[in-house]
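Asker: dropping a prediction and its sequence here:
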Amino acid sequence: SAKKIAVLIGSLRKESLNRKFAHELIALAPATLEFEVVEIGDLALYNQDLDDAGAPPAAWTAFRDKLARVDGVLFVTPEYNRAMPASIKNAIDVGSRPWGKSIWDGKAAGVVTVSPGAVGGFGANHNVRQSLVALNVATMPAPEAYIGSAEKLLGEDGKVSNDQTRQVLTKFITAFAAWVGKNAPSA
Ligand code: FNR
């Protein structure tokens, strides 16, 4: 049966390049993967008092429940000031608690960074990987995906406009499917 993948997008704006690339990756993926974009913009900033009181916000619980059910997670994120955006870090933190109940443990993951800049969000990409190491997530090492000059790779319709980029994305998401097949908890 298909492996379930949660897609976390690190930009909250409507015309996000990252959201467009996330949908292109989903479109190019093999049928062995089944995707759900899980929205993270309404997760309150992590505050342990709310867990300790036994009254976590409903959005935290819904997020944790969704993530607990997937085999893998695909991060598609911009770089903010050479690191991951707060939205992604907060989602990682919310999923990691209460202590001993982390939804991350043993999952498979992939990281894609997308930027209009030339460097393609390298800093953010490795910053996400740093937290995932601590959470025992099997993050696919390669192929790496630092997508620079991103707005030049999309057409007016928001879809990838050239074959070379399409090939790069296809190669990444095909490798990711194989990685999840080998490393997901239910594998
Ligand atoms: C940015 N941007 C940016 N780009 C980059 O390559 N490296 C960086 O360190 C930063 N820093 C940064 C900080 C903040 C607060 C913002 C809002 C933006 C630019 C960023 O890549 C650009 O706005 C992208 O278009 C954001 O991704 P989405 O929203 O298009 O998906």
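Answerer: Structure's in. What do you need? Since the model is a prediction, treat every value here as computed from it, not as a measurement.
Asker: so where do the helices sit in this structure?
Answerer: 17-28, 48-52, 58-68, 86-95, 122-134, 163-183 (DSSP state H).
Asker: I'd like those as CSV, with mean pLDDT, mean neighbour count and distance to Ser102 appended.
Answerer: Backbone N, C-alpha and C define where each C-beta goes, glycine included. Shown next, in CSV, are these (pLDDT from 0 to 100; neighbours: other CB atoms under 10 Å; distance: least, CB to CB, whole Å):
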stretch, mean pLDDT, mean neighbour count, distance to Ser102
helix 17-28, 98, 20, 24
helix 48-52, 98, 12, 12
helix 58-68, 98, 16, 9
helix 86-95, 99, 21, 7
helix 122-134, 98, 18, 10
helix 163-183, 98, 17, 17
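Asker: wait, which of those is closest to the ligand?
Answerer: helix 17-28 (3.3 Å; CB to the nearest ligand atom).
Asker: so which elements touch the closest one?
Answerer: strand 3-9, strand 72-77, strand 108-114, helix 163-183 (3 or more CB pairs under 8 Å, 6 or more residues apart in numbering; DSSP states H and E).
Asker: what separation is there between the residue located most distally from the centre of the chain and Asn47?
Answerer: Note on the chain: the largest C-alpha distance from the chain mean falls to Ala53, namely 29.4 Å (CA atoms, centre = their mean). Per CB to CB, to the nearest Å, Ala53 is found 10 Å from Asn47.
Asker: not counting its neighbours along the chain, what's nearest the residue nearest the centre of the chain?
Answerer: Nearest to the geometric centre of the chain sits Phe75, at 1.4 Å (CA atoms, centre = their mean). Spatial nearest neighbour of Phe75, chain neighbours left out: Val111 (4.7 Å); criterion: CB to CB, 6 or more residues apart in numbering.
Asker: can you report how many residues lie near that neighbour?
Answerer: 25 (other CB atoms under 10 Å).
Asker: per-residue pLDDT, it?
Answerer: As predicted, Val111 sits at a pLDDT of 99.
Asker: same deal with Ser186?
Answerer: 68.
Asker: what does Ser1 give?
Answerer: 84.
Asker: against the ligand, how distant is it?
Answerer: Distance of Ser1 to the ligand, given as CB to the nearest ligand atom, to the nearest Å: 32 Å.
Asker: any idea how many residues pack against that residue?
Answerer: When neighbours are defined as other CB under 10 Å, Ser1 has 6 of them.
Asker: offset the numbering so it begins at 4, please.
Answerer: Will do, 4 is the new start, and the previous item becomes Ser4.
Asker: contacting residues for the closest residue to Arg72 other than its chain neighbours?
Answerer: In space, Arg72 comes closest to Lys7 once its chain neighbours are excluded; the distance is 6.6 Å by CB to CB, 6+ apart. Going by CB atoms under 8 Å, 6 or more residues apart in numbering, Lys7 touches 37, 39, 72-75.
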